[in-house]
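**Student:** fold the following for me, if possible:
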Amino acid sequence: MTGPVLIFDSGVGGLSVAAALRRHYPDAALCYACDNAWLPYGLRPDAALVQRIVAVCTAAVGVCRPAVLVVACNTASTLALAALRAALDIPVVGTVPAIKPAAAVSRTRHLGLLATSATVRRPYTRRLIERFAADCKVSCIAADALVTEAENWLAGGEPDAARLDAALTPLWQAAGAQATPEPLDTVVLGCTHFPLLTPRLAALAPAPLAWVDSGDAVARRVGQLAAPLAAGRQAPALATAPGPALARALAVYGFQPPAPLPLAGGNVAAY
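**Tutor:** Numbers count the residues shown, from 1 in each chain. Okay, here's the model as predicted:
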């Protein structure tokens, strides 16, 4: 099957994955869909989220006719991949916290997992840690405020350094010289919004840290499942709540202004 790569996220976080895809496949046709009417996903009940994610992705697949769907949202991936794969007849690539590559580069064997509260509490996340970082101390830090800062920044605002610093205080404490048994030296960016802020996070850090995200791994997996990728200069976008701020954010990464994403029943609040 030929077609674009469809990138799905609750908001603009998937743009960090879009950037990784463009680094690997600069001529690939991309389509972007976001469910910003329900942002943030981390505050929604699990059962309602699964139903919603399947409905939105099914609608987006119907419009874009992609060769592969990339779920560029850690919360959605840790919750709804099985349901999506059962509902769709195209490959579905998930985005999960990059625990394995982070463990491979950490020298102190102390990792920080920076994610939303929903991803931090998922059993799926615990299983990743047990499987790939059993010999490491993993400090899990919920930093939901970073999602809002990333969304505001791409919409034309400026991230608030004080709010960022406050949200990351537990991470800085774990990276400090007095941390036990060793200070953390590697941070897993367990939300696709967070790589958008990496330069600002690194500037605030009290010590040099390695920042690891899933973008390159996702891009490589897409190439394995959908090669050769269809080429295309157009980069359409869809949203459940299109608007000027979202259009500005998408334009930064080369996407067209978002069109409304039609859902079954015609009411985005019904799910």
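
**Student:** distance-wise, check the spatially closest residue to Leu204 that is not a sequence neighbour relative to Leu171.
**Tutor:** Sequence neighbours aside, Asp165 is the residue nearest to Leu204 in space, at 5.4 Å (criterion: Cβ to Cβ, 6 or more residues apart in numbering). Just so you know, the C-beta spots here come from the backbone N, C-alpha and C atoms, and that holds for glycine as well. Going from Asp165 to Leu171 by Cβ to Cβ, to the nearest Å gives 10 Å.

**Student:** the two: who's more crowded?
**Tutor:** Neighbours per residue, other Cβ atoms under 10 Å: of Asp165 and Leu171, the larger number sits with Leu171, 22 against 14.

**Student:** hang on, the more buried one packs against Val187?
**Tutor:** Yes: if you go by Cβ atoms under 8 Å, Leu171 and Val187 touch, sitting 6.8 Å apart.

**Student:** overlap in contacts, those two.
**Tutor:** Common neighbours of Leu171 and Val187, counting by Cβ atoms under 8 Å, 6 or more residues apart in numbering, are Gly112, Leu114.

**Student:** element containing Leu69, please.
**Tutor:** Assigned by DSSP states H and E, Leu69 falls within strand 68-71.

**Student:** quick one: average pLDDT of that strand?
**Tutor:** Per-residue pLDDT over strand 68-71 has a mean of 98.

**Student:** what count of nearby residues applies to the nearest residue to Ala231 once chain neighbours are set aside?
**Tutor:** In this structure, Ala231 finds its nearest non-sequential neighbour in Asp27, 4.6 Å apart by Cβ to Cβ, 6+ apart. Counted by other Cβ under 10 Å, the residues lying close to Asp27 total 10.

**Student:** repeat for Ala55
**Tutor:** Ala55: 19 surrounding residues under other Cβ under 10 Å.

**Student:** can you map out the helices along the stretch 101-250 of the chain?
**Tutor:** Ranges of helices within the stretch 101-250 of the chain are 117-121, 123-132, 145-154, 161-167, 169-175, 198-204, 215-226, 244-252, based on DSSP state H, counting those that start in this stretch.

**Student:** using a markdown table, lay out these together with distance to Asp46.
**Tutor:** Below are the helices of the stretch 101-250 of the chain laid out as a markdown table (distance: least, Cβ to Cβ, whole Å):
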| stretch | distance to Asp46 |
| --- | --- |
| helix 117-121 | 9 |
| helix 123-132 | 11 |
| helix 145-154 | 18 |
| helix 161-167 | 24 |
| helix 169-175 | 25 |
| helix 198-204 | 28 |
| helix 215-226 | 23 |
| helix 244-252 | 26 |
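
**Student:** Ser77 belongs to a strand, doesn't it?
**Tutor:** No: assessed with DSSP: H, G, I helix; E, B strand; the rest coil, Ser77 is helix; it does not lie in a strand.

**Student:** mind listing what it touches?
**Tutor:** Contacts of Ser77 (Cβ under 8 Å, 6+ apart): Val71, Gly94, Thr95, Val96.

**Student:** grab the most central residue of this structure for me.
**Tutor:** In the chain, the centroid-proximal residue (Cα atoms, centre = their mean) is Thr192; its distance is 2.5 Å.

**Student:** which of the three states applies to the nearest residue to it once chain neighbours are set aside?
**Tutor:** Among residues not flanking Thr192 along the chain, Gly13 sits closest, at 3.6 Å (Cβ to Cβ, 6+ apart). Assigned with three-state DSSP, Gly13 falls in the coil class.

**Student:** if we can go back for a sec, hmm, Ser16 and the residue nearest to the centre of the chain touching each other?
**Tutor:** Yes: counting by Cβ under 8 Å, Ser16 is a contact partner of Thr192 at 5.0 Å.

**Student:** who's in contact with Leu164?
**Tutor:** Taking Cβ under 8 Å, 6+ apart as the contact definition, Leu164 lies against Ala145, Leu146, Glu149, Leu197, Arg200, Leu201, Leu204.

**Student:** kindly state the domain boundaries assigned to the protein.
**Tutor:** What automatic domain parsing lists as the domains of the chain is 5-96+216-270, 99-213.

**Student:** and for Arg107, the neighbour number?
**Tutor:** When neighbours are defined as other Cβ under 10 Å, Arg107 has 9 of them.

**Student:** per-residue confidence at the closest residue to it other than its chain neighbours?
**Tutor:** Nearest residue to Arg107, sequence neighbours excluded (Cβ to Cβ, 6+ apart): Asp185, at 5.8 Å. Listed pLDDT for Asp185 reads 95.
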